[in-house]
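[1] Generate a structure from the sequence data that follows.
(one chain, ligands or ions: 1)
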Amino acid sequence: MKQNITRKVLQSHLIEGKMVAGEEISIKIDQTLTQDATGTMAYLSFEALGLPKVRTEVSVSYVDHNTLQAGFENADDHAFLQTISEKYGIYYSRPGNGICHQVHSERFAVPGKTLLGSDSHTPTSSALGMIAIGAGGMSVAMAMAGQPFPLVMPKVINVKLTGKLYPGVAAKDIILELLKRMTVKNGVGKIIEYTGPGVETLSIPERCTITNMGAELGVTTSIFPSDDITYEFMKAQGREKDWKELKADEDAEYDELIEINLDELGPLVAKPHMPDKVVPVKEVNDIKVSQVFIGSCTNASYLDLAKAAAILDGKSVHKDVSLSISPGSKQVFEMIARDGILLKLISAGARILESACGPCVGIGQAPQSEGVSLRTNNRNFIGRSGTKDAKVYLASPEVAAASAITGVITDPRDIEDIDLDAIQVIKEPEERILDDRMIVAPKENTEDVVIKRGPNIQPLPLREALEEEINTAVLIKVGDDITTDDIMPAGAKILPLRSNVPAISQYVFNGIDPTFPKRAKENNGGIVVAAENYGQGSSREHAALAPMYLGVKAVLAKSFARIHHDNLINYGILPLRFKDKNDYERINQGDILVIKNVQKQVNNGEFVIVNETQGFEINAYATLSDRQKEVITSGGQLNYIKKLL
Ligand code: F3S
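    Presented below is the predicted three-dimensional model:
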């Protein structure tokens with residue numbers, strides 16, 4: 001079979017399974033990354049395994065999310081992350097060094113390698129020809145321990161790019177076009193591979209914008225070939241020795257084909273509140289904006305900021321607009337300062353923020369009430385900006401800069417005195433500023449390293465092995481589409497408690513039923529009953545970990561969202577489904593449910609649950625692979641892996 005790039009990289013890392021779409025395979029992971037919001041938990045999990053060092057080629061701990069230090073909690077987390085990195089042979093990218101995906105692409109990504117990161121936009125680094133996948137912190141901890149990463153072999157989609165982008169049209173418009181066509185639903189179980197002559201017209205930062213927002217399509221990852229452009233980028237980064245060519249065999253086979261002619265694209269914008277609500281800018285160009293943000297892991301490269309600055313050069317930000325800009329990395333920040341780009345931005349009236357996620361994740365710069373914010377980010381969900389009734393639009397840096405000048409959403413081609421032809425040919429500088437002093441490299445001898453644990457760093461709770469009989473009450477009965485946010489809310493008050501499970505667990509189901517944690521503790525745990533699509537939304541593993549801490553033994557639902565289903569198993573909570581969905585109606589909160597011979601039923605995948613209170617039986621089932629059965633039996637992933645090591 002003629003091989004595509006995806007299959008070549010997966011084949012060279014295959015540990016177990018057949019590479020047939022839909023079958024479970026496991027692959028060797030070469031590199032890992034974490035960011036601070038998920039990293040503390042990943043490292044606590046790794047530490048619990050008792051290994052002296054990580055077993056990956058490269059592991060990097062980034063601090064880019066919670067960089068605000070209004071209380072001691074975030075600073076405590078940073079000190080913990082720095083010292084635990086030092087202890088276990090992990091690179092530590094200090095706060096201020098930049099957003100994980102930007103820095104990883106610049107300093108660590110290697111064609112042909114695999115990367116697992118505890119952040120959903122980890123696939124950004126696949127722009128350099130690697131397989132980079134986002135996962136939960138527990139999975140990353142397992143990869144750091146040298147364990148193979150299990151995944152369902154995805155279908156490979158060929159997105160063939162032809163033509164060339166016109167001036168004023170950007171890489172962001174390519175991925176927005178794909179979101180318009182595929183929507184946020186149709187990427188699940190797929191990897192996108194970009195092919196065709198249009199690929200050669202795109203620089204690495206442009207490719208990164210595209211692979212970054214593959215996460216919004218729901219794909220496992222998106223990969224570009226490793227070609228001369230990749231070589232030049234890596235050479236400019238002083239890393240050409242790590243480069244190797246990677247291309248698909250001629251006539252390589254794919255499961256699907258999507259063609260995009262770049263000549264036909266114009267500037268696009270995603271309307272509130274979904275990244276796939278994409279329309280041409282011209283359709284919304286009378287909408288007033290009160291805020292523009294240029295930044296995030298999607299669009300904060302040198303190229304992005306240089307193009308925005310060229311549009312803003314000699315002009316002023318509109319009096320009713322706040323323009324904030326956050327360079328993607330220290331390297332980008334230093335180079336825009338060196339090349340006069342920063343001056344143009346400041347002079348036009350931009351407010352410059354540190355190199356971090358910031359407004360993208362609702363940390364700072366919340367828009368005004370009912371405000372319209374135009375952003376270069378990848379997500380525009382309700383409330384993510386920090387203002388519940390704000391409307392967030394997503395677009396390219398060119399559209400963002402043009403709109404900041406006019407005060408309404410603007411197609412840059414409609415501003416007369418901007419030389420878009422000259423802007424379109426702006427390139428990344430050949431001479432980069434390479435200074436890794438903000439990255440603390442691992443050292444050989446780490447015996448004396450003492451891990452700093454402030455009061456916010458609490459040990460990771462573990463569950464006991466599976467009990468033979470579950471005899472407990474229904475603690476809560478919830479409806480359809482419960483999100484991980486509903487189960488474990490985030491927000492400025494709760495998020496800093498993420499490394500303190502006893503404290504954060506007091507907020508489980510806070511928005512639905514604030515008495516839940518107290519009831520769970522008094523009852524010594526229990527069962528959650530839910531309807532369809534339980535645990536949808538972000539991959540937040542605290543939505544499984546905190547209920548586990550409160551003693552939740554099982555969730556009995558009509559159906560589950562995929563990642564949350566895995567997270568429940570990882571933390572030893574049985575994910576059970578109704579055989580007859582009508583049984584959902586027959587159960588009440590407070591009913592006592594009994595499951596006997598639990599181990600036998602786990603092995604069969606079929607369950608009989610007795611409702612002792614009302615005196616009837618419910619049939620249920622669990623979809624578990626052999627490995628997952630063992631994980632559940634052990635009381636969770638950590639206990640399971642400990643047995644293997
Ligand atoms: Fe950070 Fe936003 Fe990307 S939170 S990692 S900049 S999606």
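[2] how about stretch 237-254: buried residues?
    Within stretch 237-254, the residues that count as buried by 16 or more other CB atoms under 10 Å are Gln237, Arg239, Trp243, Leu246, Ala248, Ala252, Tyr254. Heads up, the C-betas are built off the backbone N, CA and C, glycines and all.
[3] Would you mind giving those residues as CSV with pLDDT, secondary structure and distance to Ser61 added?
    Converted to CSV, those look like this (pLDDT from 0 to 100; DSSP: H, G, I helix; E, B strand; the rest coil; distance: CB to CB, whole Å):
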residue, pLDDT, secondary structure, distance to Ser61
Gln237, 98, coil, 20
Arg239, 98, coil, 20
Trp243, 98, coil, 25
Leu246, 98, strand, 27
Ala248, 98, coil, 34
Ala252, 97, coil, 36
Tyr254, 98, coil, 36
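[4] Contact residues of the chain facing the ligand?
    Counting by CB under 6 Å from any ligand atom, the chain comes close to the ligand at His65, Ile99, Cys100, His101, Asp119, His121, Ser296, Cys297, Cys357, Cys360, Val361, Asn378.
[5] Pick out the lowest-pLDDT one from these.
    On pLDDT alone, Val361 ranks lowest of these, at 88.
[6] Just list the residues touching that one, thanks.
    Contacts for Val361 (CB atoms under 8 Å, 6 or more residues apart in numbering) come out as Ala37, His65, Arg384.
[7] how does it look with 6 Å?
    His65 (CB atoms under 6 Å, 6 or more residues apart in numbering).
[8] Report the separation between it and Gly386.
    9 Å (CB to CB, to the nearest Å).
[9] so which strand or helix has Ser347?
    helix 341-348 (DSSP states H and E).
[10] per-residue confidence averaged over that helix?
    98.
[11] quick one: contacts of it?
    Surrounding helix 341-348, the residues in contact under the criterion CB under 6 Å, 6+ apart are Leu305, Ala306, Ala309, Leu312, Asp313, Lys315, Ser316, Val317, Ile325, Ile336.
[12] What residues are bridge-paired with Ala554?
    Ala554 has these beta-bridge partners by DSSP bridges: Ile527, Leu574.
[13] before we move on, the earlier item: can you tell me which of the buried residues of stretch 237-254 lies nearest to Leu420?
    Gln237 (28.6 Å; CB to CB).
[14] Okay, the closest residue to the closest one other than its chain neighbours and Ile527: tell me how far apart.
    The spatial neighbour of Gln237 that comes closest, neighbours along the chain excluded (CB to CB, 6 or more residues apart in numbering), is Glu106 at 5.8 Å. Distance, Glu106 to Ile527, using CB to CB: 48 Å.
[15] There's contact between Asp119 and Leu33 in this structure, I believe.
    No. Taking CB atoms under 6 Å as the definition, Asp119 is not a contact partner of Leu33, at 7.2 Å.
[16] between those two, who's got more neighbours?
    Leu33 (31 against 28; other CB atoms under 10 Å).
[17] For the nearest residue to the more buried one once chain neighbours are set aside, grab phi and psi.
    Leaving out its chain neighbours, the residue that sits closest to Leu33 by CB to CB, 6+ apart is Gly117, at 4.0 Å. Main-chain torsions, Gly117, degrees, to the nearest 10: phi -130, psi 140.
[18] just Ile504 next, same as before
    The phi/psi pair for Ile504 (degrees, to the nearest 10) is phi -70, psi -30.
[19] my guess is it contacts Leu497, does it?
    Yes. Ile504 is in contact with Leu497 according to CB under 6 Å; the separation is 4.1 Å.
[20] These two: which has the busier surroundings?
    Ile504 (22 against 19).
[21] what's the spacing between the more buried one and Gly454?
    From Ile504 across to Gly454, the span is 15 Å (CB to CB).
[22] now Ile409
    Counting by CB to CB, the gap from Ile409 to Gly454 is 44 Å.
[23] Which one's more surrounded, those two?
    Ile409 (26 against 15).
[24] Please name the residues that touch the nearest residue to Gln601 once chain neighbours are set aside.
    Distance criterion CB to CB, 6+ apart; nearest residue to Gln601, sequence neighbours excluded, is Phe607 at 4.7 Å. Shown in contact with Phe607 (CB under 6 Å, 6+ apart): Leu576, Gln601, Ala620.
[25] in which helix or strand would I find the first one?
    For Leu576, the enclosing helix or strand under DSSP H and E is strand 574-578.
[26] Likewise for the last one?
    Under DSSP H and E, the secondary-structure element containing Ala620 is strand 616-621.
[27] Next SSE downstream of the host helix or strand of Glu86?
    In the assignment (DSSP H and E), Glu86 maps to helix 72-88. Next along the chain after helix 72-88, taking DSSP H and E as the criterion, comes strand 91-93.
[28] residues contacting the closest residue to Leu420 other than its chain neighbours?
    Spatial nearest neighbour of Leu420, chain neighbours left out: Pro167 (3.6 Å); criterion: CB to CB, 6+ apart. Contacts for Pro167 were tallied using CB under 6 Å, 6+ apart; they are Leu420, Asp421, Gln424.
[29] Check Ile451 too.
    Contacts here follow CB under 6 Å, 6+ apart; on that basis Ile451 touches Thr83, Ile84, Lys87.
[30] Show me which of the residues you listed is closest to the ligand.
    Ile84 (20.6 Å; CB to the nearest ligand atom).
[31] Chain neighbours aside, what residue packs nearest to Thr122?
    Nearest non-adjacent residue to Thr122, counting by CB to CB, 6+ apart: Gly134, 4.1 Å away.
[32] I figured Asn74 was touching Asp64, is that so?
    No. Between Asn74 and Asp64 there is no contact, the gap being 11.7 Å when judged by CB under 6 Å.
[33] Between the two, point out the one with more neighbours.
    The neighbour comparison of Asn74 against Asp64 (other CB under 10 Å) goes to Asp64, with 29 against 22.
[34] any idea how far Val188 is from Arg181?
    Relative to Arg181, and taking CB to CB, Val188 is found at 15 Å.
[35] again but with Tyr43, I slipped
    According to CB to CB, Tyr43 and Arg181 sit 39 Å apart.
[36] Could you list the low-pLDDT ranges of this structure?
    By pLDDT under 70, the weakly predicted segments of the chain are 492.
[37] Tell me who's in contact with the residue nearest the centre of it.
    Taking CA atoms, centre = their mean, the centroid of the chain lies closest to Ser120, which sits 1.4 Å from it. Applying CB under 6 Å, 6+ apart to Ser120 gives the contacts Gly134, Ala215.
[38] make it 10 Å
    Ser120 makes contacts with 38, 133-135, 212, 215-216, 218, 378-379, 538-539, 563, as judged by CB atoms under 10 Å, 6 or more residues apart in numbering.
[39] could these be laid out in TSV, adding neighbour count and distance to Gly196?
    Formatted as TSV, the contacts of Ser120 follow (neighbours: other CB atoms under 10 Å; distance: CB to CB, whole Å):
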residue	neighbour count	distance to Gly196
Thr38	26	35
Ile133	25	24
Gly134	24	26
Ala135	25	30
Asn212	30	20
Ala215	25	22
Glu216	26	22
Gly218	17	23
Asn378	25	23
Arg379	23	28
Ser538	17	33
Ser539	22	32
Ile563	23	32
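[40] can the residues you listed go into CSV with extra columns for distance to Pro429 and secondary structure?
    CSV is the format used below for the contacts of Ser120 (distance: CB to CB, whole Å; DSSP: H, G, I helix; E, B strand; the rest coil):
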residue, distance to Pro429, secondary structure
Thr38, 32, helix
Ile133, 31, strand
Gly134, 30, strand
Ala135, 34, coil
Asn212, 21, helix
Ala215, 28, helix
Glu216, 29, helix
Gly218, 35, coil
Asn378, 25, coil
Arg379, 29, coil
Ser538, 36, coil
Ser539, 36, coil
Ile563, 39, helix
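[41] just those now: which is nearest the ligand?
    Nearest member of the contacts of Ser120 to the ligand, counting by CB to the nearest ligand atom, is Asn378, at 5.4 Å.
[42] Next up, the contacts around that closest one.
    With the criterion set at CB under 10 Å, 6+ apart, Asn378 makes contact with 120-121, 124, 172, 175, 179, 209, 212-216, 270, 275, 296-299, 360, 394.
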